[in-house]
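Undergrad: build me a model from this:
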Amino acid sequence: MTSKNLGRATLAALPFVLALLVDLVVHITVKDRLPARLSVHFDAGGSADGYMGVTAHLLYTATSLLVLGALWAFIAVNGKLYGRAHRWFIGGGFAVAGFLGYLLTAVLFVNVDAPEGGPADGFPLRHIVVALGVAVLAGALGLLASRLVPAPDDPRDRDPASRERIALADGEVAGWARGIGAWWVPVAVLVFLAAGVTVGLEQSWFIAGPLLLLGLVAVTFCRPHVTVDRRGLTVSGLLPRPRVRVPLERMEGAGSRRVNALAEYGGWGYRIRPERSGVITRSGEAIVVSLTSGREFAVTVDDSATGAALLNTLLDRQRTGR
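TA: Numbers count the residues shown, from 1 in each chain. Purely as a prediction, here's the structure:
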């Protein structure tokens, strides 16, 4: 790991480590005044309805903060966060650590000298307000601290002349299409539908409605398609709607590169991240479109180099009016 990457990883993990240290200090300070079972979950009125042993709570706190810190450090190094995206990611980590760290510490304080059945005053809702305030202040501090470590160099090619193209004769029309099946989409469909039916039978069909609707929408994307033509780039399912279309008018150019679903986009599906969005069904090669807004749109698909090259050719035609 280079010194720059080490600095980015350290800064990304720092707020979670600090939150853990604060919680450990508070735990050591008040441990003799804590009941054997801590009240750790509270209903909407603030009354305790979930409990955990003191040691188990300490292990839960340490594990949660350390795992989040490791995840933030990993993405900071491998997530291809450039410019403002890097700054906002670091600031977001500070905000998450501040919010979670305060709530975990507040749980200890409300249990000090409390009887075994839980604190008499429950969990005052003012702690949520304070936690949000801490998150805002910590996030602002993170944005300032992000300036101490340079953001990764942006390797994306901004030179239109160097992008690949497909040779077409004057008046020749071309299109390109590929399917982008993903094994997890049918699984997600079954989960949504099963959850919807279960909730409908056990609770209410009104509550189950959104789950069933999500399942039906997901069905249409069991075998999505990517199309490149004179209209631009389109990602669609089995039905005309819903679909995602990026018209040529919004494009600066297109390229093909490998993307990491988790590190760059935080997961799979339709993803929106700082300075980028996309339809990400897996890690691997993707068409990556540079937009006139300065953002990127990506879609993972095989033979992405051909699709990107055709987009560049169509963009040239549009700009020259041929």
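
Undergrad: now Leu193: how far from Phe206?
TA: 17 Å (C-beta to C-beta, to the nearest Å). C-betas here are computed from N, CA, C, even on glycine.

Undergrad: again, but for Thr61
TA: Separation of Thr61 from Phe206 (C-beta to C-beta): 38 Å.

Undergrad: then Phe74?
TA: Separation of Phe74 from Phe206 (C-beta to C-beta) stands at 41 Å.

Undergrad: of Leu193 and Phe206, which one has the most company?
TA: Leu193 (18 against 9; other C-beta atoms under 10 Å).

Undergrad: ok, that one touching Val217?
TA: No: between Leu193 and Val217 there is no contact under C-beta atoms under 8 Å: 11.3 Å.

Undergrad: let me see the ranges of the strands in the protein.
TA: Ranges of strands in the chain, per DSSP state E, are 37-42, 48-53, 176-179, 225-229, 232-236, 243-247, 251-259, 269-273, 276-280, 284-291, 296-300.

Undergrad: got the ones you listed as JSON lines, with distance to Pro15, mean pLDDT and mean neighbour count columns?
TA: As requested, the strands of the chain are exported to JSON lines (distance: least, C-beta to C-beta, whole Å; pLDDT from 0 to 100; neighbours: other C-beta atoms under 10 Å):
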{"stretch": "strand 37-42", "distance to Pro15": "22", "mean pLDDT": "78", "mean neighbour count": "20"}
{"stretch": "strand 48-53", "distance to Pro15": "24", "mean pLDDT": "77", "mean neighbour count": "15"}
{"stretch": "strand 176-179", "distance to Pro15": "42", "mean pLDDT": "86", "mean neighbour count": "15"}
{"stretch": "strand 225-229", "distance to Pro15": "39", "mean pLDDT": "88", "mean neighbour count": "20"}
{"stretch": "strand 232-236", "distance to Pro15": "36", "mean pLDDT": "89", "mean neighbour count": "21"}
{"stretch": "strand 243-247", "distance to Pro15": "35", "mean pLDDT": "88", "mean neighbour count": "15"}
{"stretch": "strand 251-259", "distance to Pro15": "27", "mean pLDDT": "89", "mean neighbour count": "19"}
{"stretch": "strand 269-273", "distance to Pro15": "20", "mean pLDDT": "83", "mean neighbour count": "15"}
{"stretch": "strand 276-280", "distance to Pro15": "24", "mean pLDDT": "87", "mean neighbour count": "22"}
{"stretch": "strand 284-291", "distance to Pro15": "31", "mean pLDDT": "90", "mean neighbour count": "22"}
{"stretch": "strand 296-300", "distance to Pro15": "27", "mean pLDDT": "91", "mean neighbour count": "23"}
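
Undergrad: which of these sits closest to Val130?
TA: Of all the strands of the chain, strand 37-42 sits nearest to Val130, with 15.2 Å by C-beta to C-beta.

Undergrad: okay, the closest one in CSV with CA atoms only?
TA: Extracted C-alpha coordinates of strand 37-42, given in CSV (Å, rounded to 0.1, in the frame of the first residue of the first chain):
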residue,chain,number,x,y,z
ARG,A,37,-28.6,-6.7,31.8
LEU,A,38,-28.5,-3.4,29.8
SER,A,39,-31.6,-2.0,28.2
VAL,A,40,-30.5,-1.6,24.6
HIS,A,41,-33.7,-1.4,22.5
PHE,A,42,-36.6,1.0,23.1
